[in-house]
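S.K.: how would this look folded up:
(one chain, ligands or ions: 1)
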Amino acid sequence: MSSLLDIRNVSKRFTMGGLFGRKVVDAVVDANFSLSAEKPEIFTIIGESGSGKTTLARMILGLEDPTEGEILFRGQKVDRHGRAKRLDFMANVQPVFQNPFEAFNPLKKIERYLESTARRFLHTTDKAVIDKAMDEALQKVGLSLKEVRGRFPHEMSGGQLQRCAIARALIPNPPLLIADEPVSMVDASLRMSIVNLLKSLRDDLGVSVIYITHDLATAYYISNRLIIMQRGRIVEMGDARTVLDNPEHPYSRLLKASVLSTDDAGAGKLATDPAMVSLATDMVGKPGRLVDRADGRSVRVYEGA
Ligand SMILES: Nc1ncnc2c1ncn2[C@@H]1O[C@H](COP(=O)(O)OP(=O)(O)OP(=O)(O)O)[C@@H](O)[C@H]1O
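M.R.: The predicted model follows:
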């Protein structure tokens, strides 16, 4: 089976500060997984705030170089330095960000973004071709150019604007979308429609999605496979239902049992039974190793545990 994306022994270390007070953060440690080119899927990355989800996403998008390891897209190393290669890569791997209101300039009509994306990736200035591409992409997300034309971002709901952001990402017909918390800034009532949209992109258009979230409910609902990250390390990986029905790693269990504290809603902080927290956090920083289980999942285990 050929692969769409290979994450091979990928680590990212940030070093901050000067000679005195140097601080090192291991944002991602030795991540490994692959997505198949033949079988589109929603592959979810779950973890609380600071677990390394966004750093991993930024490396996949070629916005950040790994400190170690390599990322291959269709067998080619992701290279963020050559312009032509970069444009070709971006046509294939498109981001959808958390806050659609930040993704669009409030003073610019929405269609301007779609237009410039179409011009850039379709290499054309032909207005009819550009309009067609914009309309097709908008239709894929349940909108149309007629509805969007002439409108500014504030004239749309968060859900509609996120649809426009997804439509923009779909213009080059990418096989892979990287959606970093795409529903967390969208009104609760509209969230499911965006989640269902991601599902239909997979099922109807064959687009694979890396879905980044700390929301277990939507992850359970749409994911084929998932990884659970704790402080940069994958602690459990496998079929979404297998893992979430019966999580094995203490941190995965903690996530499932946790209620996100209301004051930190959106930040994904955990608030739960202290004994469980201590069990789940005891292994932070310990390397352990991922061990394959008979049910197809992998779980990080620790010497002497
Ligand atoms: N550019 C950077 N420089 C220094 N440290 C960074 C940088 N980017 C991320 N980090 C650190 O790396 C760790 C992982 O951060 P990351 O944003 O990837 O986590 P996350 O799981 O996406 O969190 P959130 O859900 O809050 O977005 C954090 O400790 C963060 O402070």
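S.K.: so which helix or strand takes in the closest residue to Glu64 other than its chain neighbours?
M.R.: Spatially, and ignoring its direct neighbours in sequence, Glu64 is nearest to Arg58 (4.2 Å; C-beta to C-beta, 6 or more residues apart in numbering). C-beta coordinates here come from the backbone N, C-alpha and C atoms, glycine included. Applying DSSP states H and E as the criterion places Arg58 in helix 53-60.
S.K.: Alongside the ligand, which residues does the stretch 51-200 of the chain contribute?
M.R.: Ser51, Gly52, Lys53, Thr54, Thr55 (C-beta under 6 Å from any ligand atom).
S.K.: other SSEs contacting the longest helix anywhere in the chain?
M.R.: Ranked by residue count and defined by DSSP state H, the top helix of the chain is helix 188-205. Helix 188-205 sits against strand 42-46, helix 158-170, strand 176-180, strand 208-213, helix 216-222, with contacts defined as 3 or more C-beta pairs under 8 Å, 6 or more residues apart in numbering; DSSP states H and E.
S.K.: and the angle for it with strand 42-46?
M.R.: Going by axes from the mean of the first three to the mean of the last three C-alpha atoms, to 10 degrees, helix 188-205 is angled at 140 degrees with respect to strand 42-46.
S.K.: Can I get helix 188-205 in CSV, CA atoms only?
M.R.: Presented in CSV, the C-alpha positions along helix 188-205 are these (Å, rounded to 0.1, in the frame of the first residue of the first chain):
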residue,chain,number,x,y,z
ALA,A,188,-21.8,24.9,19.8
SER,A,189,-25.0,24.7,17.8
LEU,A,190,-23.0,24.9,14.5
ARG,A,191,-20.1,22.6,15.5
MET,A,192,-21.7,19.3,14.4
SER,A,193,-22.3,20.7,11.0
ILE,A,194,-18.6,21.4,10.5
VAL,A,195,-17.7,18.0,12.0
ASN,A,196,-20.2,16.4,9.6
LEU,A,197,-18.7,18.4,6.7
LEU,A,198,-15.2,16.9,7.5
LYS,A,199,-16.8,13.5,7.4
SER,A,200,-18.4,14.1,4.1
LEU,A,201,-15.1,15.4,2.6
ARG,A,202,-13.6,12.0,3.5
ASP,A,203,-16.6,9.9,2.4
ASP,A,204,-17.7,11.8,-0.7
LEU,A,205,-14.5,13.4,-1.9
